[in-house]
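Enquirer: Any chance you can model this:
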Amino acid sequence: MSQNSETGAFAPLKQGLFAMIWAATILGNTGSFMRDVASSWLVTGLSSNPAAVALMQTAATLPIFLLAIPAGVLSDILDRRRLLIFVQLLLASVSATLLILSQNNLLTVEYLVALTFIGGIGAALMGPAWQAIVPELVARPQLKNAVALNSLGINIARAVGPATGGLLLAALGAWAAYGADVLSYVFVIAALLLWKRPHKPQNELSEHFLGAFHAGIRYVKASRELHRVLLRSAIYFFFASAIWALLPLVARNLLQGTAGYYGVMLGAVGIGAIVGALLLPTLRQRMNVDGLMLVSALLSAAVMLLIALLPVKALALPLMVLLGVSWIIALTSLNGVAQSVLPDWVRGRGLAVYLMIFNGAMAAGSLFWGLVAAKTGLVATLLTAAALLTLTAIICLRIKLPAGEADLQPSGHWDEPQINGEVTADRGPVMIQIEYRIAQEDRPAFLAEIKKLSLTRRRDGAYAWGIAEHSHDANKLIEWFLVESWHEHLRQHQRVSNADADLQSSVTRFHQGEEKPQVHHFISLH
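Expert: From the prediction side, this is the model:
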């Protein structure tokens with residue numbers, strides 16, 4: 001497919017709104033990388049303990065692990081544009097505080113960790129909302145390319161930001177890097193203000209925080225496809241986090257580098273990520289997502305192995321380019337699959353869980369590898385992480401990632417329920433029964449299909465599900481499921497997708513009789 005086609009790698013940039021926000025995001029992330037390289041380098045001068053250095057990575061990612069799900073709920077029930085503007089203001093205030101402290105020589109490890117943690121809170125609130133707006137900005141056929149372009153944008157910033165931050169740090173001091181970060185948020189906020197996002201008015205079926213929280217957890221528990229994405233993410237990022245957690249010490253101790261050289265190393269990672277993003281459309285044509293994840297793991301392991309055995313500055317930079325290629329392959333592949341298996345109504349919450357697993361694995365891995373390095377040294381730690389990353393990548397080939405090609409748009413194929421009078425919003429629980437007439441010879445196939453359907457019932461609102469047969473009519477089977485309230489069941493009507501409709505058709509084809517299976521609703525009197 002041509003790169004200039006409507007579904008080419010750069011097609012989303014033809015959408016003016018996406019292009020504007022994408023460009024602003026690059027500027028914002030460039031500033032963030034300047035801030036991060038300054039903080040990471042400063043902490044190596046304040047403490048030589050590898051655990052203290054790795055704690056910075058933990059401080060940045062732990063809030064995302066802890067707050068991802070509440071942040072995802074907020075991204076689904078609040079105006080995402082306003083939420084993102086608020087977060088940009090919060091992050092700008094963090095960098096402004098760092099600027100003031102650095103100008104007055106008051107920065108300590110404790111201040112750096114604490115402010116990094118607050119910045120992590122901002123990142124936790126921003127992550128689900130920022131990723132969830134992508135389908136609002138582009139058409140569905142362009143979604144995976146838009147996700148890839150977002151990763152490309154982050155890594156353009158990674159190529160420019162750390163190197164620029166390192167140079168500012170070396171030439172002017174940390175305050176200059178922090179000041180540049182504060183300025184970058186101005187462009188992001190301006191782009192968000194220019195986005196005239198359509199207002200979605202509240203109605204009686206609009207979700208509230210606790211209900212939306214429970215619905216999101218219920219969906220994640222029932223989504224087998226998302227489970228595979230989360231498991232593969234946790235395993236990969238835990239072992240791959242070693243190189244990221246220890247990179248400042250690799251630059252300073254193994255390579256005897258300066259702050260400027262450390263920034264150039266991170267810039268090389270960004271260049272590699274840009275190269276990887278450009279290669280991804282071709283790679284996708286030659287291998288599936290499981291093959292891409294294997295390639296990514298092997299490349300990251302090779303980087304750790306070579307930089308541990310051959311700590312030479314001239315070799316380190318091309319290895320960082322290779323690391324950037326491997327990293328964007330993993331991030332884009334896993335994020336793209338996560339996006340494609342989530343419907344819009346729960347996308348923020350589902351992506352929040354993905355980000356929680358990603359950042360939890362990075363936080364735990366960073367702390368773990370920092371402690372290991374404190375006991376065994378940098379070289380032994382990198383060699384161990386490389387071996388384990390390779391081994392787990394091969395084992396994970398048995399846990400196939402989903403293709404993510406199902407049509408998750410609402411189908412509206414359920415008939416409106418008949419009610420006698422008005423039903424209050426919170427009345428429940430509600431029992432839904434569907435009567436089927438199934439021939440004995442069709443029963444095994446029917447049961448196999450309806451068990452697949454049970455997962456969609458649970459994902460979209462049911463907290464219990466079952467199938468029963470009539471006591472004196474063996475051909476009469478009843479599917480039943482329970483929903484917390486009447487309004488939650490009405491939301492279920494809005495959530496059922498075209499893919500669910502196809503699955504429903506595969507179940508009802510076994511039904512005998514001219515009429516459709518009968519549906520009954522029973523509402524608790526208490």
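
Enquirer: got any ranges where the stretch 51-200 of the chain has weak pLDDT?
Expert: The stretch 51-200 of the chain contains residues with pLDDT under 70 at 140, 158-159, 199-200.

Enquirer: if we go to 90?
Expert: 51-83, 100-116, 119-180, 186-188, 191-200 (pLDDT under 90).

Enquirer: What ranges does it have for its helices?
Expert: 80-103, 109-132, 134-137, 143-171, 174-194 (DSSP state H, counting those that start in this stretch).

Enquirer: cool, the stretch 301-450 of the chain as well?
Expert: Per DSSP H, counting those that start in this stretch, the stretch 301-450 of the chain carries helices over the ranges 313-340, 347-376, 378-395, 443-460.

Enquirer: Give me the buried positions along the third one.
Expert: Judged by neighbour count (16 or more other Cβ atoms under 10 Å), helix 378-395 contains these buried residues: 378, 381-386, 389-390, 392-393. Every C-beta, even on glycine, is put in place using the N, C-alpha and C of the backbone.

Enquirer: Compute the inter-axis angle for that helix and helix 347-376.
Expert: 140 degrees (axes from the mean of the first three to the mean of the last three Cα atoms, to 10 degrees).

Enquirer: Which other helices and strands does helix 378-395 contact?
Expert: helix 224-249, helix 289-309, helix 347-376 (3 or more Cβ pairs under 8 Å, 6 or more residues apart in numbering; DSSP states H and E).

Enquirer: can you redo the buried residues of helix 378-395 as JSON lines with pLDDT?
Expert: As requested, those are arranged in JSON lines below (pLDDT from 0 to 100):
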{"residue": "Leu378", "pLDDT": "91"}
{"residue": "Thr381", "pLDDT": "95"}
{"residue": "Leu382", "pLDDT": "95"}
{"residue": "Leu383", "pLDDT": "96"}
{"residue": "Thr384", "pLDDT": "96"}
{"residue": "Ala385", "pLDDT": "95"}
{"residue": "Ala386", "pLDDT": "96"}
{"residue": "Leu389", "pLDDT": "96"}
{"residue": "Thr390", "pLDDT": "96"}
{"residue": "Thr392", "pLDDT": "95"}
{"residue": "Ala393", "pLDDT": "95"}
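
Enquirer: can I get the residues you listed in CSV with distance to Glu514?
Expert: Converted to CSV, those look like this (distance: Cβ to Cβ, whole Å):
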residue, distance to Glu514
Leu378, 74
Thr381, 70
Leu382, 69
Leu383, 70
Thr384, 67
Ala385, 64
Ala386, 65
Leu389, 59
Thr390, 60
Thr392, 55
Ala393, 54
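
Enquirer: which one of the residues you listed is nearest Ile69?
Expert: Distance to Ile69 across the buried residues of helix 378-395 (Cβ to Cβ) is lowest for Thr392, with 25.7 Å.

Enquirer: closest one to Leu334 among the helices of the stretch 51-200 of the chain?
Expert: helix 143-171 (10.1 Å).

Enquirer: List the buried residues of the closest one.
Expert: 143-170.

Enquirer: One more: stretch 401-420?
Expert: In stretch 401-420, counting by 16+ other Cβ under 10 Å, buried: 401-402, 404, 406, 408, 410-411, 414, 417.
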